[in-house]
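>>> Need a 3D model of the following:
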Amino acid sequence: MASPYHFVDFHSHILPGIDDGSKSVEESLAMLDLEREQGVCVVAVTPHFYAMSDTPEHFLRKRAEALGLLRAHMTSRIPAIIPGAEVYYFEGIDQMAELNQLKLFKTNYLLLEMPDGKWTPRRVKDILALQRRGMKVTMAPIERSADDQDPEVLSLLRQHGVLFQVNASFFTGRKTQKKAFRMLSQREIAAIGTDTHNLTSRAPNFAEAVDAIRGQFGEDAVIALEAAGKRMILGK
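Numbering: from 1, shown residues only. You can find the predicted model right below:
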């Protein structure tokens with residue numbers, strides 16, 4: 001039975017052969033089929049970009065090749081895909097001219113992965129500088145690093161328009177669920193992603209998060225989640 005929903009998965013590693021995600025077109029197609037079954041209609045394909053070991057030109061060429069290979073085998077039955085990147089922070093990131101090409105396609109959202117540990121003032125300054133460039137920095141996934149930061153830092157980032165993306169597993173983990181519900185109720189979560197990498201240990205799990213949210217807040221919260229995803233993809 002087809003899902004009645006049209007969600008957006010903002011974080012995935014479904015593109016074949018480009019990072020530590022899907023290893024083949026066949027695996028990618030199977031992952032996309034699972035996404036469709038779970039009510040996802042748009043998947044942001046966001047392979048890792050590490051400036052310390054890659055160049056934007058090389059990354060974009062690899063991504064284009066993987067996109068072309070996957071799209072050649074896609075059908076209308078599976079979700080649409082939009083290219084982006086999960087960009088790992090590096091000092092001076094705000095100076096990279098090519099960064100605009102790593103945003104989610106036709107939007108200003110930049111998925112930014114931060115290093116472990118407490119962020120230095122330099123890191124916070126660079127994030128705010130990206131915001132001033134007109135980007136909508138979306139920290140992904142924020143639950144991995146939020147506990148290491150002073151609440152005042154997170155509040156400052158939110159005040160300047162920085163957004164927080166969390167993984168679907170945040171809502172289902174026994175140790176994290178309570179915090180996930182609190183952040184959602186306080187409107188601190190802008191987007192949800194599966195961060196799916198494969199069909200086994202990190203398979204698409206959007207539906208599990210939806211079930212948890214519905215159980216805690218009711219159907220209206222699920223509908224609001226669906227609408228928020230659509231608004232972001234439209235660049236609003």
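>>> need the contact list for P83.
A44, V45, R63, L67, L104, F105 (Cβ atoms under 8 Å, 6 or more residues apart in numbering). Yep, even glycine has a C-beta here, placed from its N, CA and C like the rest.
>>> how about 10 Å then?
15, 44-47, 60, 63-64, 66-67, 101-106 (Cβ atoms under 10 Å, 6 or more residues apart in numbering).
>>> Report the lowest-confidence entry in those.
Among those, K106 carries the lowest pLDDT, at 88.
>>> one step back: which pair of the contacts of P83 spans the longest distance?
Taking Cβ to Cβ, the two most distant members of the contacts of P83 are A66 and K106; they sit 18.8 Å apart.
>>> So for the two, which sits in the more crowded spot?
The residue with more neighbours, out of A66 and K106, is A66; 23 against 11, by other Cβ atoms under 10 Å.
>>> what's the spacing between the one helix or strand E208 maps to and its chain's center?
Using DSSP states H and E, E208 falls within helix 206-217. With Cα atoms, centre = their mean, to the nearest Å as the basis, helix 206-217 stands 18 Å off its chain's centre.
>>> Wait, Y89 touches L111, no?
No - counting by Cβ atoms under 10 Å, Y89 sits too far from L111 to count as a contact (11.2 Å).
>>> and for these two, which residues touch both?
Common neighbours of Y89 and L111 (Cβ under 10 Å, 6+ apart) are M139.
>>> more crowded one of those two?
More neighbours surround L111 than the other of Y89 and L111, with 25 against 16 (other Cβ under 10 Å).
>>> that's a strand at that one, yeah?
Yes - read with DSSP: H, G, I helix; E, B strand; the rest coil, L111 is one of the residues of a strand.
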